[in-house]
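Peer 1: What follows is a predicted structure for the sequence shown.
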Amino acid sequence: MTTRRNFIKNTAMGVAGITLLSSSKMYGNILGANDIVNIAILGCGGRAHSLAQAIGLSGNSKVTHICDVDKTRLDKFQGYVTKTNGNTPLKESDFRVLLENKEVDAVAIATPEHWHAPMAIMAMQAGKHVYVEKPCSHNPHENELLIAAQKKYNKVCQMGNQQRSSVTSALAMEDIKNGLIGNAYAGKANYRNARKSIGVGKEIAVPSFLDWDLWQGPAPREAYRDNVHPYNWHWFKAWGTGEIHNNGTHEIDICRWALGVDYPTRVVSAGGRLHYKGDDWEYYDTQMASFEFEGGKMITWDGRSCNALKPSGGRSATIFGTEGSIILDRSKYELYDLSGKKIKTLRENSLGTSNDTSDTRGFDGLTVNHMKNFANGIIKGEKLNAPIADGAISTQLCHLGNIAQALGESLDVDPKTGRVKGNKKAKKMWKRDYEKGWEPKL
């Protein structure tokens, strides 16, 4: 790619530990112990507002630059950062310019999902540290490439699964590890929302404020439609990854953390576009995916995008054990005995929570903790709560769930690599087609 640049900078050492409570090698720092990390936020939609607010409260980082291909969003977001954080970040419409800017230490990627891995790889190649929102990749090939890129360029890279920075969730993990609910053998990830139909899009002229070519970036070119930007791209396979990635990544990740598992041995999925029919939504508004692991453990994802009967505010992870169960969300930890009687509740002491699935910004104290941890990983080598090598495993489970659903088949998976075994159709779905000149490479 002709836009790729490499800068001579000090690089980090090693890869952070697998979980909040695991050991890790320490990253070397590019900044002094008392320095502030200059962060450029790439993508100025809803989640970017939460990242900016969290950075402003972190005490160890600052939003110095912002970037979006939508001029209207870019201008509005600049005003938001100025009002919320007290400083006015510099604007840029092409992220490649910011990758060449030596004043930028790190980037926070909050773009549409087809940009996550390519942009993160380019940023690390340019010497930047990376915070990338979930999911960290659009397809399994990018997932593997991103892990390899972090190892090759040795930059701090954290995924935005912010519940890994929850105090109550971390306490629950210690309790599970210490046998409080006996043998933890199963986890259920729940998500509920009441999304409306996106209708059938009409081809119209590209708005004057939008760089549609750069918005598409690595994706093959398509005509502009009136029901894609700024949010509905989530439900198109060219750019998004469906609800299991958009939200399921979070709770599936918590179940993985609690059960101490990585890649599964078998994946099955049932569901479809069941609530609405005949619109442009290409993924599944109803999906129940099951992941089996060595040792008999299992995780299920129960995702309902268009029916708002909401357990625990709309999202939660339930961990089942031989002596009890634990329910976790972003605000609390609840312990139950085998009869279903609640034993205790520990509440997150934070700046609010984001369990409400209608909230597209998702600001809470967990995000503040997560961004602070990311910056401390750069400044002083603090171990990351969600290093990309681990975050990518949760992302891979979601990819496998989508592949199993698309094929209508059970997938046998190598638990060491996360790759599907003996299925040629699944292999064809491992990588996307890229616009010429935009395919990410190491």
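Peer 2: Nice, I can see it. Numbers count the residues shown, from 1 in each chain.
Peer 1: what pLDDT does the closest residue to Ser305 other than its chain neighbours get?
Peer 2: Spatial nearest neighbour of Ser305, chain neighbours left out: Asp285 (4.1 Å); criterion: CB to CB, 6 or more residues apart in numbering. Glycine gets a C-beta too; all of them are placed from N, C-alpha and C. Per-residue pLDDT puts Asp285 at 98.
Peer 1: Please list all residues in contact with Asp285.
Peer 2: 195, 243, 272-276, 304-306 (CB atoms under 8 Å, 6 or more residues apart in numbering).
Peer 1: Those, buried ones only, as a PyMOL selection?
Peer 2: Applying 16 or more other CB atoms under 10 Å to these, the buried members can be selected in PyMOL as follows:
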select buried, resi 195+243+273+275+304+305+306
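Peer 1: Can you lay out the contacts of Asp285 as a markdown table showing distance to Lys332 and pLDDT?
Peer 2: Output for the contacts of Asp285, formatted as a markdown table (distance: CB to CB, whole Å; pLDDT from 0 to 100):
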| residue | distance to Lys332 | pLDDT |
| --- | --- | --- |
| Arg195 | 26 | 97 |
| Glu243 | 24 | 98 |
| Gly272 | 33 | 97 |
| Arg273 | 33 | 97 |
| Leu274 | 31 | 97 |
| His275 | 29 | 97 |
| Tyr276 | 33 | 96 |
| Arg304 | 22 | 96 |
| Ser305 | 24 | 97 |
| Cys306 | 26 | 97 |
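Peer 1: Go through the contacts of Asp285 and name the one nearest Lys380.
Peer 2: Glu243 (37.2 Å; CB to CB).
Peer 1: Kindly indicate whether Gly199 is helix, strand or coil.
Peer 2: coil (DSSP: H, G, I helix; E, B strand; the rest coil).
Peer 1: Ok, Ser316 next?
Peer 2: strand.
Peer 1: Hmm, it is touching His250, no?
Peer 2: No - contact between Ser316 and His250 fails when scored by CB atoms under 8 Å: they sit 10.2 Å apart.
Peer 1: that older thread, how close does the residue nearest to Ser305 sit to Pro112?
Peer 2: Distance of Asp285 to Pro112, given as CB to CB, to the nearest Å: 19 Å.
Peer 1: Ile147 too?
Peer 2: Taking CB to CB, one finds Ile147 at 21 Å from Pro112.
Peer 1: hey, where'd the strands end up in the stretch 51-200 of the chain?
Peer 2: Assigned by DSSP state E, counting those that start in this stretch, the stretch 51-200 of the chain shows strands spanning 61-67, 90-92, 106-109, 129-132, 157-159, 184-194.
Peer 1: Of those strands, which is nearest His141?
Peer 2: strand 129-132 (16.2 Å).
Peer 1: so is Asp390 in a helix, a strand, or just coil?
Peer 2: Assignment for Asp390 (three-state DSSP): helix.
Peer 1: What is the neighbour count of it?
Peer 2: Asp390 has 26 neighbours, counted by other CB atoms under 10 Å.
Peer 1: buried set for stretch 181-188?
Peer 2: Buried residues in stretch 181-188 (16+ other CB under 10 Å): 181, 184-188.
Peer 1: With pLDDT added, can I get those in JSON lines?
Peer 2: Output for the buried residues of stretch 181-188, formatted as JSON lines (pLDDT from 0 to 100):
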{"residue": "Ile181", "pLDDT": "98"}
{"residue": "Ala184", "pLDDT": "98"}
{"residue": "Tyr185", "pLDDT": "98"}
{"residue": "Ala186", "pLDDT": "98"}
{"residue": "Gly187", "pLDDT": "98"}
{"residue": "Lys188", "pLDDT": "97"}
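Peer 1: Ala392: which of these is nearest?
Peer 2: Distances from Ala392 to the buried residues of stretch 181-188, taken by CB to CB, are shortest for Gly187, at 18.8 Å.
Peer 1: From the centroid of this structure, which residue is nearest?
Peer 2: When CA atoms, centre = their mean is applied to the chain, the residue found nearest the centroid is Lys134 (0.9 Å).
Peer 1: for that one, what are its contacts?
Peer 2: So Lys134 contacts 159-161, 245, 249-250, 253, 391, 394-395 (CB under 8 Å, 6+ apart).
Peer 1: Quick check, pLDDT for it.
Peer 2: At Lys134, the pLDDT recorded in the model is 97.
Peer 1: Secondary structure element holding the nearest residue to it once chain neighbours are set aside?
Peer 2: Residue nearest to Lys134 in three dimensions, not counting chain neighbours: Thr249, with 4.3 Å by CB to CB, 6+ apart. If you go by DSSP states H and E, Thr249 is part of helix 248-259.
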